[in-house]
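J.: Need coordinates for the following:
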Amino acid sequence: MKTHTNIIMIALILFMGASISLKAQSSVSYWYGELNVSGSTLPITLRIDRADTLKPIQMGSPAQTSQMFTASKYRFTITDSLLFSIKSMGVVFRGKFNPEKDSIIGTFKQGMLLTPLAFSRTKELYQIKREQDSRPLPGGAVEKELSFTDKGGYKFSGTLTLPSAQGTYPCVVLLTGSGTQNRDEELLGHKPFKVIATEFASKGIATFRYDDRGWGVSVPDSALLASTTFTFAQDADFILSQIKNQAGVNPKQVGFLGHSEGGLIASISAARNKDVAFVILMAGPGIKGIDVLRGQIQKINSLSGTSQKEIDFQIAMLDKIYSLTQKGKTDSQIAKEMTSWFDKALESYTPEQIKDMNLSTPKERQMSYSAFIMPWMRVFMQTDPAEYLRKVKVPLLAMNGQKDAQVIEKDNMPAIQKAMAKAKNKNFEIFTPESMNHLFQECKTGSPDEYQSIGQTISPLALDKMSAFILKVTQGK
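T.: Next comes the predicted model:
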């Protein structure tokens with residue numbers, strides 16, 4: 001799973017008031033700021049163009065996506081103060097231009113987070129450039145933009161990458177990890193699925209990557225909010241049925257590559273779908289979701305220097321939530337029981353310690369567990385991948401970096417191996433590189449805080465292992 005820290009994912013609608021002209025030397029100006037979140041920095045950019053009536057202000061988070069988001073309204077006050085809010089995310093920024101008009105000093109607020117944020121004027125829009133992500137397709141390779149609408153009326157869009165316009169090729173359907181993501185599985189300036197598509201094309205392997213259900217939707221509807229891993233597995237089934245009939249794809253050689261939760265989705269689909277030719281699990285879980293989360297809390301917090309006492313508290317809170325969701329408690333029932341639980345569990349902590357843990361108020365306490373009672377999380381915590389892996393008979397490659405802090409290798413890989421033994425799957429391989437993290441970057445600690453600073457998107461060793469496996473299991477079929 002991708003890390004669930006306070007990183008700001010800007011799936012944005014910007015909201016501002018009426019416009020008053022800002023004095024500037026040029027109609028277009030670019031701005032760069034760094035948001036301090038959980039001990040790391042997140043670049044934030046602005047593009048302001050007073051002459052553009054359609055896109056007067058655009059804001060971006062280049063470490064997360066290359067997309068810029070256009071303001072629906074904006075306001076500059078008479079005193080040259082700037083105010084904007086991101087309604088869908090509960091974000092508010094208030095700032096003031098300095099006399100030279102080359103900086104904006106202000107505050108950024110989202111939920112319980114309130115932090116200073118300063119923008120400096122730049123000559124051009126700041127962008128994160130990754131060498132692997134910008135690599136061009138090999139000569140002869142082609143990309144096709146495809147769209148498919150399922151029986152429920154949902155339209156999926158994606159990119160089919162073929163090694164050549166001629167011939168037929170084995171094809172991999174790429175499945176993203178948890179959270180709504182675009183077809184490139186774009187994260188912190190990295191585009192892992194784009195890198196995979198380009199690399200595989202050079203090896204004679206086709207890929208199809210698609211935007212997740214809900215990607216680009218600013219206000220999710222009730223059906224989307226109720227979606228779970230099993231909803232996404234149904235989506236994978238549907239995509240597979242469409243891709244196997246595409247020109248250039250060998251219909252008998254279409255498999256799944258799932259990263260993190262995508263590995264669980266691949267396991268579910270492969271267990272019930274005879275058309276799946278092979279499966280690659282990139283840090284796919286092998287143990288129950290609740291156990292994955294316990295491991296995450298322990299390792300990520302240990303790497304960040306959190307005391308064991310606070311880690312134990314977080315795990316105890318998770319276990320309490322899990323027990324309530326197992327009993328089918330409603331959100332309001334959980335809120336009532338958690339109020340009593342917090343009162344008792346925090347008795348041994350000083351007011352200062354409680355403040356440091358952001359648990360001083362009822363609102364803070366509710367926010368600390370709100371994500372764990374959402375429909376997706378309720379299902380994920382109770383789902384055991386082994387139940388599905390035991391039914392997978394097709395060739396399977398399981399990969400897990402030993403420094404992965406989100407899907408712990410020493411916990412998950414033995415469970416996958418045990419499930420494969422019960423499946424009597426003789427076409428099963430493992431790859432557990434010593435120095436790789438959850439994204440299969442070569443790293444130092446494996447902490448999610450490293451993801452952005454590492455220039456590499458995916459280790460060439462991991463790319464070579466996956467492509468070699470696919471070519472081996474599809475040869476002669």
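J.: thinking Ser66 is in contact with Tyr126, fair?
T.: No. Using CB atoms under 8 Å, Ser66 is not in contact with Tyr126; the gap is 11.4 Å. (C-beta placed from N, C-alpha, C; glycine too.)
J.: Count residues in the vicinity of Phe119, would you?
T.: Applying other CB atoms under 10 Å, we find 24 residues neighbouring Phe119.
J.: Please disregard the earlier target; I meant Trp31.
T.: As a burial measure, Trp31 scores 22 neighbours (other CB under 10 Å).
J.: I'd guessed it sits against Phe119; true?
T.: Yes. Here Trp31 reaches Phe119: they are 4.0 Å apart, a contact under CB under 8 Å.
J.: Overlap of the contact sets of the two?
T.: Leu46, Ile104 (CB atoms under 8 Å, 6 or more residues apart in numbering).
J.: Run through the residues that contact the residue nearest to Ala316 when sequence neighbours are not counted.
T.: Once flanking residues are discounted, Ala316 sits nearest to Ala345: 6.6 Å by CB to CB, 6 or more residues apart in numbering. When contacts are counted by CB under 8 Å, 6+ apart, Ala345 touches Phe313, Ala316, Met317.
J.: from those, which is closest to Ser61?
T.: Distances from Ser61 to the contacts of Ala345, taken as CB to CB, are shortest for Met317 (29.1 Å).
J.: Point me to the helix or strand that includes that closest one.
T.: Assessed by DSSP states H and E, Met317 sits inside helix 308-326.
J.: buried sites along that helix?
T.: For helix 308-326, the buried set under the neighbour-count rule, 16 or more other CB atoms under 10 Å, comprises Ile311, Phe313, Gln314, Ile315, Met317, Leu318, Lys320, Ile321, Tyr322, Leu324, Thr325.
J.: how's this protein carved up into domains?
T.: Domain segmentation of the chain under automatic domain parsing yields 14-122, 142-288+383-474, 290-378.
J.: just for this structure, where's the confidence low?
T.: 1-26, 38-40, 72-73, 78-79, 86-89, 112, 218-219, 476-477 (pLDDT under 70).
J.: hey, where'd the helices end up in it?
T.: Remark: helices assigned in the chain by DSSP state H are 192-202, 222-225, 229-243, 261-272, 289-303, 308-326, 331-345, 351-356, 362-369, 375-382, 386-389, 409-423, 460-474.
J.: Kindly export stretch 389-404 (C-alpha atoms) in CSV.
T.: In CSV, the C-alpha atoms belonging to stretch 389-404 read as follows (Å, rounded to 0.1, in the frame of the first residue of the first chain):
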residue,chain,number,x,y,z
LEU,A,389,-3.4,-17.4,-3.8
ARG,A,390,-4.2,-21.1,-2.9
LYS,A,391,-6.3,-21.2,-6.0
VAL,A,392,-3.8,-19.7,-8.4
LYS,A,393,-2.3,-22.3,-10.7
VAL,A,394,-0.7,-20.1,-13.4
PRO,A,395,2.9,-19.0,-13.3
LEU,A,396,3.5,-16.5,-10.5
LEU,A,397,6.4,-14.3,-9.6
ALA,A,398,6.3,-12.8,-6.0
MET,A,399,8.7,-9.9,-5.4
ASN,A,400,9.3,-8.1,-2.1
GLY,A,401,12.2,-5.8,-1.2
GLN,A,402,13.8,-6.7,2.1
LYS,A,403,13.7,-3.0,3.1
ASP,A,404,10.0,-2.6,2.3
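J.: What residues of that stretch count as buried?
T.: Within stretch 389-404, the residues that count as buried by 16+ other CB under 10 Å are 389-401, 403-404.
J.: between those, which is closest to Gly289?
T.: Of these, the one sitting nearest to Gly289 (CB to CB) turns out to be Leu389, at 14.1 Å.
J.: So for that closest one, what's the nearest residue that isn't a sequence neighbour?
T.: Ala419 (3.7 Å).
J.: what does Tyr210 give?
T.: Gly158 (2.9 Å).
J.: Pro433 contacts Glu409, doesn't it?
T.: No. Using CB under 8 Å, Pro433 is not in contact with Glu409, being 9.4 Å away.
J.: tell me the contacts of Gly286?
T.: Pro385, Ala386, Leu389, Ala398, Asp411, Asn412, Met413, Pro414, Ala415, Ile416, Ala419 are the contacts of Gly286 under CB under 8 Å, 6+ apart.
J.: Name the nearest of those residues relative to Leu359.
T.: Distance to Leu359 across the contacts of Gly286 (CB to CB) is lowest for Asp411, with 27.9 Å.
J.: Counting neighbours, what do you get for that closest one?
T.: By other CB under 10 Å, 17 other residues sit near Asp411.
J.: separation between Asp80 and Ile104?
T.: From Asp80 across to Ile104, the span is 9 Å (CB to CB, to the nearest Å).
J.: which of the two has more neighbours?
T.: Remark: of Asp80 and Ile104, Ile104 carries more neighbours, 23 against 16, as counted by other CB under 10 Å.
J.: hang on, the more buried one packs against Gly95?
T.: Yes. Using CB under 8 Å, Ile104 is in contact with Gly95, at 4.3 Å.
J.: circling back to that earlier point, for Pro433 and Glu409, list the residues in contact with both.
T.: Gly401, Gln402.
J.: With neighbour numbers in mind, choose between those two.
T.: Glu409 (23 against 19).
J.: excluding its backbone neighbours, what's nearest the more buried one?
T.: Asn400 (4.1 Å).
J.: before we move on, the earlier item: what do Asp80 and Ile104 both touch?
T.: Lys96, Phe97.
J.: re the thing from before, can I get the buried residues of helix 308-326 in CSV including distance to Thr474?
T.: Shown next, in CSV, are the buried residues of helix 308-326 (distance: CB to CB, whole Å):
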residue, distance to Thr474
Ile311, 44
Phe313, 49
Gln314, 44
Ile315, 43
Met317, 46
Leu318, 41
Lys320, 47
Ile321, 43
Tyr322, 41
Leu324, 46
Thr325, 41
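J.: Could you let me know which of the residues you listed ends up closest to Ser340?
T.: Ranked by distance to Ser340 (CB to CB), these are led by Lys320 at 10.3 Å.
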